[in-house]
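*Asks:* quick check, what structure comes out for this input:
(one chain, ligands or ions: 1)
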Amino acid sequence: MNLYIYETDDSALIVDCGVMFGDGCLPAVDIILPDFTYIQNIRDKLKGLLATHGHEDHIGGIARLLSIIDIPIYTGRFTKELLSSKVKDHPKNIKLIAPLEEYLFGSIKATFFPVLHSIPDTYGVALEIEGKRIVHMSDFASLDIPNFLKRDDIYLLMLDSTNSIHTEDFKDEYYHIKTESDVADVLKDIIKNSTGKVFFTTFASNVERLKGVIEASEACGRKIVIVGSAMEKTIEITSRLAIIDNIKERLIGIKTAVDYPPEKLVYIISGCQGEYNSALYSVIKGERNLVSMDRGDTLILSSRIIPGNERWINSIVNKSIRDGVTVIQAADRLVHISGHAAGRELERVISELNPKYFIPIHGEYRHMKACAAIAQRCGAIVHILESGVCLEFLEDEVNRSTFPNTPVFIDNYGKPFNNLVLDELQHISKEGIVIIAKKGKRYFAKSIGVMLSKGVIQGLCTTLSNSKNADEAVKNAKKYIKKKSGHRPLVIKI
Ligand SMILES: [Zn+2]
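*Replies:* Sure, this is the predicted structure:
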């Protein structure tokens, strides 16, 4: 997750405050929030938070942060709209910035400059701290370097490393050379050659992609139907901000679509990660009134697979193909391009900005390492910054220290739970649980999530009758189950 703090003796400024999402490795974890302990410790000198763009890994933690600390959030139009619905209790905290204007946050100067990414109104941030110029890049696919940064005096560059690994492992074909208009051309070709309904899904915030598929559909004489709350929300915001011309007039409703033949319809639908509560999932399962995916239809999955979501996506793809639907993914045709710059663009940005120091950000460790290698080739002094690490830039040296960093796990009901509970959940998910109970002098046992034979359960109950107390019974149960079955379930006594 992304949360960076720039700090001087008298001022501090946060850039982004995101969340990470749980995956199969962390049962019952919905999202993972940053540890706000350090922020609370420096609250007196905090001047604000700059939100570079509206993706959840950059803004998902802001609502929780505002519930414990009252600070202004500065951001662009699209992100402000997204945040407004998330922080209903603190609407006045969200403030709009004007790009390319300099703002003063205590002793820190900051200027937002536009970058190209897969969501509208994405900004990098140029900072001036104690006379040193710092460029903090948002996620970005490409950058038109603004003139005010072309002065060859950049002290530190923080750069999006997410897609950097393609520099080393793959050659030209994986460099970021394709554009959204290339994707739109491919979408048009697919839609033109489809004989049934077309279902198109991507991340709802990818407005440029939506614009591409809307234009492609219209060019093929098809009507466009929006399905799913995330897509509806994006259409609402793009209409309010006039990002896509006359967007609402160009759509038809789900009820109206029933009167059109299948070959005249394109459904733009939420759920590109196969989420079980999404509109796409419900349509594929046949659980939706008025919208159905039938034999001969086409499904376009126009997004990358977020690691951890493979099995959900594979499940909807398999079900669709089994039902006679043609499924097209990024591996088949150019229906998706990355919103993150790959090797060639990263190298160009680093060499043109020519920073003294360089820190790769946003990616996993392997991405940061690959990005660091590019920066080293460009002559920068590189530091890798992991969660909970503080770098102190002094006149002639850079000191490294650590600060409290225990991520907070949030369950599906929005409630935090601690690591001990998580350990138990992981134990149960892997090994199951055995519950033992004593009635009179006799013991009873029940296993859940672990297959124990009738003989083992009976033997266990007999063995436990020799236990002196509850603790010893639990200990003996663990020993007996392991010896007889090889399993190590969580054992509890009630
Ligand atoms: Zn992003």
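*Asks:* quick check: residues of this protein near the ion?
*Replies:* Contact residues, the chain versus the ion (CB under 5 Å from the ion): 55, 139. C-beta here means a position set from N, CA and C on the backbone, and glycine is covered the same way.
*Asks:* where does the chain dip in pLDDT?
*Replies:* Counting by pLDDT under 70, the ranges of the chain that qualify are 22-28, 167-177, 418-419.
*Asks:* remind me, longest helix of it?
*Replies:* The helix spanning the most residues in the chain, taking DSSP state H as the definition, is helix 470-485.
*Asks:* which parts of it are buried?
*Replies:* 473-474, 476-478, 480-481, 484-485 (16 or more other CB atoms under 10 Å).
*Asks:* quick one: list the elements packing against it.
*Replies:* With contacts defined as 3 or more CB pairs under 8 Å, 6 or more residues apart in numbering; DSSP states H and E, the packing partners of helix 470-485 are strand 433-439, helix 454-464, strand 490-493.
*Asks:* which of the buried residues of helix 470-485 lies closest to the ion?
*Replies:* Distance to the ion, by CB to the ion, is smallest for Lys478 among the buried residues of helix 470-485, at 46.3 Å.
*Asks:* how close does the closest residue to that closest one other than its chain neighbours get to Asp297?
*Replies:* Ranked by CB to CB, 6 or more residues apart in numbering and with sequence neighbours excluded, the top spatial neighbour of Lys478 is Val491, at 5.2 Å. The spacing between Val491 and Asp297, counted by CB to CB, to the nearest Å, is 51 Å.
*Asks:* check Met451 too.
*Replies:* Look at Met451 and Asp297: by CB to CB, they are 41 Å apart.
*Asks:* what about these two, which has more around it?
*Replies:* Ranked by neighbour count (other CB atoms under 10 Å), Met451 and Asp297 place Asp297 first, with 23 against 9.
*Asks:* the residue lying closest to that one once chain neighbours are set aside: what's it in contact with?
*Replies:* Excluding its sequence neighbours, the residue lying closest to Asp297 (CB to CB, 6+ apart) is Gly196, at 4.1 Å. Counting by CB atoms under 8 Å, 6 or more residues apart in numbering, Gly196 touches 262-263, 294-298.
*Asks:* where does whatever residue of the stretch 301-450 of the chain ends up closest to the ion land in three-state SS?
*Replies:* Across the stretch 301-450 of the chain, the shortest distance to the ion (CB to the ion) belongs to Gly339, at 6.1 Å. Look at Gly339: counting by DSSP: H, G, I helix; E, B strand; the rest coil, its state is coil.
*Asks:* pretty sure Asn163 is touching Arg344, no?
*Replies:* No - assessed by CB atoms under 8 Å, Asn163 is found out of contact with Arg344, at 10.7 Å.
*Asks:* okay, these two: which has more neighbours?
*Replies:* Using other CB under 10 Å as the criterion, Asn163 and Arg344 rank with Asn163 on top: 26 against 16.
*Asks:* measure that one to the ion for me?
*Replies:* The spacing between Asn163 and the ion, counted by CB to the ion, to the nearest Å, is 11 Å.
*Asks:* any buried residues in the helix or strand where Trp312 lies, and which?
*Replies:* Secondary structure assignment for Trp312, by DSSP states H and E: helix 310-322. By neighbour count with 16+ other CB under 10 Å, helix 310-322 contains the buried residues 312-313, 316-317, 319-320.
*Asks:* output the contacting helices and strands for that helix.
*Replies:* Contact partners of helix 310-322 among helices and strands, from 3+ CB pairs under 8 Å, 6+ apart: helix 279-284, strand 298-301, strand 326-328.
*Asks:* any chance of those in a markdown table, plus mean neighbour count and distance to Arg348?
*Replies:* What follows is those, written out as a markdown table (neighbours: other CB atoms under 10 Å; distance: least, CB to CB, whole Å):
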| stretch | mean neighbour count | distance to Arg348 |
| --- | --- | --- |
| helix 279-284 | 23 | 37 |
| strand 298-301 | 25 | 31 |
| strand 326-328 | 18 | 32 |
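*Asks:* the ones you listed: which one's closest to Gln376?
*Replies:* The closest of these to Gln376 is strand 298-301. By CB to CB, the value is 36.9 Å.
*Asks:* deepest of the helices and strands packed on helix 470-485, which one?
*Replies:* Neighbour counts (mean count of other CB atoms under 10 Å) averaged over each of these peak at strand 490-493, with a mean of 19.
*Asks:* secondary structure class for Arg348?
*Replies:* helix.
*Asks:* how about the contacts made by it?
*Replies:* By CB under 8 Å, 6+ apart, no residues touch Arg348.
*Asks:* any idea how far Gln40 is from it?
*Replies:* 40 Å.
*Asks:* what's the neighbour count on Glu424?
*Replies:* For Glu424, the tally of surrounding residues (other CB under 10 Å) stands at 14.
*Asks:* quick one: Ile32 is in a helix?
*Replies:* No - using three-state DSSP, the assignment for Ile32 is strand, not a helix.
*Asks:* burial count for it?
*Replies:* Neighbour number of Ile32 under other CB under 10 Å is 19.
*Asks:* same deal with Asp152?
*Replies:* Around Asp152 there are 9 other residues, counting by other CB under 10 Å.
*Asks:* got a list of what the residue nearest to it when sequence neighbours are not counted touches?
*Replies:* Nearest non-adjacent residue to Asp152, counting by CB to CB, 6+ apart: Asn354, 5.7 Å away. By CB under 8 Å, 6+ apart, the contact list for Asn354 reads 152, 154, 378-380.
*Asks:* what about the residues you listed, which are in strands?
*Replies:* Judged by DSSP state E, the contacts of Asn354 include Ile154 as members of strands.
*Asks:* which of the helices or strands spans Leu66?
*Replies:* Short version, using DSSP H and E: Leu66 is in helix 62-68.
*Asks:* just give the closest residue to the spatially most central residue of the chain, not the sequence neighbours.
*Replies:* Nearest to the mean C-alpha position of the chain, by CA atoms, centre = their mean, lies Asp57 at 4.8 Å. Closest residue in space to Asp57, ignoring its immediate chain neighbours: Gly18 at 4.0 Å, by CB to CB, 6+ apart.
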